[in-house]
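S.K.: Predicted model and sequence below, questions to follow.
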Amino acid sequence: MGRPIQDYAKSSLEVAEYQMRVPNGDLVLARDYLEIVASSNAEDVGRAAELLKSVKATMQARSMAADTDVQTQELQFEGA
């Protein structure tokens, strides 16, 4: 017999929060787990939805920072 949905939801949230806390955490994994819990009927739906907003904002910020780094490197290369 499988684990109760509530146990799965809590474990998923813990993994997602850990990935969000550690440097270079796997934000895609965190987002995937949070999306599953946020779309479930577990009691942690609200918390998952809030964390999902946060992880998406962090992913967007990292993406923008990476784009800026690439542009800076291109400018440095052109100037060399």
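M.R.: Sure, I can see it.

S.K.: Just the helices from this protein, written as ranges.
M.R.: Using DSSP state H, the helices found in the chain span residues 5-21, 27-38, 45-79.

S.K.: which one of these has the most crowded surroundings?
M.R.: Greatest average neighbour count among the helices of the chain goes to helix 27-38 (a mean of 19), per mean count of other CB atoms under 10 Å. Glycine gets a C-beta too; all of them are placed from N, C-alpha and C.

S.K.: Show me what that helix is packed against.
M.R.: Helices and strands in packing contact with helix 27-38 are listed as helix 5-21, helix 45-79; criterion 3 or more CB pairs under 8 Å, 6 or more residues apart in numbering; DSSP states H and E.

S.K.: Rebuild those as TSV, extending it with distance to Leu34 and mean pLDDT.
M.R.: Compiled in TSV, those are given as follows (distance: least, CB to CB, whole Å; pLDDT from 0 to 100):
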stretch	distance to Leu34	mean pLDDT
helix 5-21	5	95
helix 45-79	4	82
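
S.K.: Indicate which one of these is closest to Ile36.
M.R.: Ranking the helices and strands packed on helix 27-38 by their distance to Ile36 (criterion: CB to CB) puts helix 5-21 first, at 6.3 Å.

S.K.: Quick one: distance of the closest one to the chain centre.
M.R.: Relative to the chain's own centre, helix 5-21 is displaced by 11 Å; criterion: CA atoms, centre = their mean, to the nearest Å.
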